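Chemist: heads up, no residue letters with this:
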């Protein structure tokens with residue numbers, strides 16, 4: 001059974017403002033596709049596209065890009081975001097894609113497939129992919145790290161405190177590790193041409209407030225916020241203060257490097 005989250009307007013807006021886009025992984029996906037098909041490519045479909053930050057990165061490589069999400073609020077944010085002329089959006093569940101059979105060159109999901117009905121989604125992916133078309137599923141672990149000069153170790157001790165406080169609010173659908181969800185899906189995919197990558201470290205310069213905002217978009221923080229708004233806000237402020245102290249700065253706009261640990265798998269439908 002699929003899980004519906006990230007549907008409120010405030011959450012969708014935060015998602016657009018704070019989530020990190022996997023730009024470097026897009027070139028990895030395209031390189032994988034070009035090993036067997038030099039292109040040009042026709043249709044890419046991004047499932048669970050959210051506010052479209054990853055969807056628009058596909059635009060230079062495909063004639064048409066379709067972003068799909070169950071949340072009207074997320075799709076509204078996607079239209080507010082940069083929208084190239086060859087990108088369109090529709091409301092749709094992952095398990096019933098509004099695409100004809102055998103039409104898709106690339107079907108991807110960026111940090112969303114763990115919410116899908118996995119077996120139904122894989123069957124639907126097989127239906128819409130053309131022979132030789134590719135499936136690319138990527139996500140990242142919550143244990144993001146911060147880097148900043150000689151304060152890196154101290155900062156990451158604070159980050160671990162943040163993640164530990166949020167652990168009791170983790171959605172039981174995810175189990176103990178979202179990585180296992182993706183490895184199970186990888187094992188279930190019948191395509192012989194497939195590859196798994198356990199950890200791709202993506203670095204971005206953000207403000208301390210940007211880091212806090214990113215963690216606040218996560219589902220477990222959102223659950224905490226709903227159950228106990230005062231405690232959720234207290235936790236965010238406590239972590240912000242601890243990070244400022246560790247860096248010996250006063251402004252939450254001070255910059256740090258956030259390290260996001262992506263994992264992904266790629267598969268090609270047989271000809």
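Modeler: Thanks, I have the structure now. Please read these numbers as outputs of a predicted model, since none were measured by experiment.
Chemist: only C-alpha atoms for contact and neighbour calcs from this point on.
Modeler: Noted.
Chemist: what's the burial count for residue 108?
Modeler: 25 (other CA atoms under 10 Å).
Chemist: I meant to write residue 40 there.
Modeler: 10.
Chemist: go on, residue 234?
Modeler: Other residues near residue 234 come to 12 when the count uses other CA under 10 Å.
Chemist: what separates it from residue 110, distance-wise?
Modeler: Using CA to CA, to the nearest Å, we find residue 234 at a distance of 30 Å from residue 110.
Chemist: cool, and residue 22?
Modeler: 8 Å.
Chemist: Please enumerate the shared neighbours of those two.
Modeler: Counting by CA atoms under 8 Å, 6 or more residues apart in numbering, the contacts common to residue 22 and residue 110 are residue 54.
Chemist: the longest helix in this protein is where?
Modeler: For the chain, the longest helix by residue count, based on DSSP state H, is helix 229-247.
Chemist: ok, which stretches of the stretch 101-250 of the chain are helices?
Modeler: Taking DSSP state H, counting those that start in this stretch, the helices of the stretch 101-250 of the chain run over residues 118-128, 152-166, 178-188, 208-216, 219-227, 229-247.
Chemist: Any chance you could list what contacts the last one?
Modeler: When contacts are defined by CA under 8 Å, 6+ apart, helix 229-247 is touched by residues 148, 151, 154-155, 158-159, 162, 208-209, 212, 221, 224-225, 250-252.
Chemist: switch to 10 Å and redo it
Modeler: The set of residues external to helix 229-247 that reach it, using CA atoms under 10 Å, 6 or more residues apart in numbering, is 146, 148-159, 161-162, 165-166, 208-209, 211-213, 215-216, 221-226, 228, 248-254, 256.
Chemist: again, but for the fourth one
Modeler: The contact list for helix 208-216 (CA under 10 Å, 6+ apart) reads 11, 14-20, 142-146, 159, 162-163, 166, 205-207, 221-222, 224-225, 232-233, 236-237, 239-240, 243-244, 251-258.
Chemist: so where's the protein shaky on pLDDT?
Modeler: Low-confidence segments of the chain, defined by pLDDT under 70: 1-20.
Chemist: could you pull out the strands for it?
Modeler: Per DSSP state E, the chain carries strands over the ranges 41-47, 62-69, 87-91, 104-110, 129-140, 145-147, 193-207, 255-268.
Chemist: Let's have those in a markdown table, adding distance to residue 184.
Modeler: Formatted as a markdown table, the strands of the chain follow (distance: least, CA to CA, whole Å):
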| stretch | distance to residue 184 |
| --- | --- |
| strand 41-47 | 19 |
| strand 62-69 | 23 |
| strand 87-91 | 27 |
| strand 104-110 | 16 |
| strand 129-140 | 12 |
| strand 145-147 | 26 |
| strand 193-207 | 11 |
| strand 255-268 | 11 |
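Chemist: Which of those sits closest to residue 178?
Modeler: Taking CA to CA, strand 129-140 is the member of these nearest to residue 178, at 8.4 Å.
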